[in-house]
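[1] show me how the following folds:
(one chain, ligands or ions: 1)
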Amino acid sequence: MPEGHTIHRLARRHHELLAGDKVTVASPQGRFETGAALLSGTVLRDTEAYGKHLLHHYENDLVLHVHLGLYGKFTDGAGEPPPPVGEVRMRVASDAYWLDLRGPTACEVLDPPRAQTLRDRLGADPLRDDTDPDPAYARIRRGSTGLATLLLDQSVVAGTGLIFVTEVLFRAGLAPTTPGHRLTRPAWEAIWSDLRELMGTAVGTGVIDTVRPAHLPEAMGRPPRVDRHGGEVYVYRRAGLPCHVCGTEIRRGTLGGRNSYWCPTCQPVG
Ligand SMILES: [Zn+2]
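    The predicted structure is shown next:
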């Protein structure tokens with residue numbers, strides 16, 4: 001599933017292409033016909049990403065809400081849109097650009113109160129400057145749930161997925177199973193600022209890179225990572241391989257129904 005940086009990139013991209021323009025909205029596939037009719041012919045005023053949720057704000061105060069889920073994908077282009085290919089749930093087009101959405105988990109129109117309800121159930125998004133991380137820390141400290149499970153819970157931190165969470169815990173030297181109530185405030189502040197930095201970089205590059213300069217392939221004289229996720233990481237999907245820092249074999253386990261990766265030496269159980 002795309003992590004938050006991908007959604008923030010899409011919000012920026014859609015803003016560049018379409019914000020301020022009157023657009024037509026259609027559902028070639030038919031499943032979003034009613035929603036599309038509420039938006040079509042109005043101005044797309046602004047775009048916004050909140051965690052893994054993408055919002056398009058229209059001048060009539062209605063909000064398009066998209067969650068890509070596992071299979072959702074946007075494509076876009078300039079000029080006349082091509083004939084729709086496959087299951088195009090939504091097509092948005094101005095005089096100059098178009099974008100198509102296929103396979104999302106959610107594609108719906110929200111009125112302002114329902115958009116607020118959506119925001120209210122999301123936790124702190126490290127990529128938003130208006131986010132207050134204190135409520136997230138309060139939730140984390142409340143019990144004995146493991147840190148990996150807490151940081152993946154979108155009502156605690158919004159936008160983080162498995163890659164950012166496993167990597168940030170490695171960088172913090174904390175085992176994924178560390179109980180939330182053991183997390184000190186300085187450790188939380190370090191995790192939060194690390195998430196902001198790593199995710200912010202990924203918004204710019206589109207790739208998740210979490211490895212410090214000393215552990216890059218060139219610095220270590222090792223071959224670069226080969227994986228469809230692209231970037232250089234310490235533990236994510238590296239089970240059985242040696243840790244870049246200490247050489248210990250990276251472990252994989254299941255935590256709260258999700259895979260988890262960690263180095264037992266660099267991340268001792270606290
Ligand atoms: Zn290690």
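[2] can you count the residues close to the residue in the stretch 1-150 of the chain positioned nearest to the ion?
    Per Cβ to the ion, residue 148 is where the stretch 1-150 of the chain lies closest to the ion, at 16.7 Å. From N, CA and C alone the C-beta is placed, and that goes for glycine too. Burial measure for residue 148: 26 neighbouring residues, criterion other Cβ atoms under 10 Å.
[3] which intervals of this protein have sub-threshold pLDDT?
    For the chain, the stretches with pLDDT under 70 are 270.
[4] domain-wise, how is it divided?
    4-120, 134-262 (automatic domain parsing).
[5] strands of this protein, start to end?
    Secondary structure of the chain (DSSP state E): strands at 21-22, 24-26, 43-50, 53-58, 63-67, 73-78, 88-93, 97-102, 106-110, 251-255, 258-262.
[6] closest to residue 171 out of these?
    strand 258-262 (11.5 Å; Cβ to Cβ).
[7] between strand 251-255 and that closest one, find me the angle.
    On the basis of axes from the mean of the first three to the mean of the last three Cα atoms, to 10 degrees, strand 258-262 is oriented at 150 degrees to strand 251-255.
[8] tabulate the CA atom coordinates of the lengthiest helix in the chain in CSV.
    Longest among the helix segments of the chain by residue count, using DSSP state H, is helix 185-205. Provided in CSV are the C-alpha atoms of helix 185-205 (Å, rounded to 0.1, in the frame of the first residue of the first chain):
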residue,chain,number,x,y,z
ARG,A,185,9.5,11.8,25.7
PRO,A,186,13.0,12.5,24.2
ALA,A,187,12.8,9.1,22.3
TRP,A,188,9.3,10.1,21.0
GLU,A,189,10.6,13.5,19.9
ALA,A,190,13.5,11.8,18.1
ILE,A,191,11.1,9.4,16.3
TRP,A,192,8.7,12.2,15.3
SER,A,193,11.4,14.4,13.9
ASP,A,194,13.0,11.4,12.1
LEU,A,195,9.6,10.6,10.5
ARG,A,196,9.2,14.2,9.4
GLU,A,197,12.6,14.2,7.9
LEU,A,198,12.5,10.8,6.2
MET,A,199,8.9,11.2,4.9
GLY,A,200,9.6,14.8,3.8
THR,A,201,12.6,13.6,1.7
ALA,A,202,10.5,10.9,0.2
VAL,A,203,7.9,13.5,-0.9
GLY,A,204,10.6,15.1,-2.9
THR,A,205,12.2,12.0,-4.4
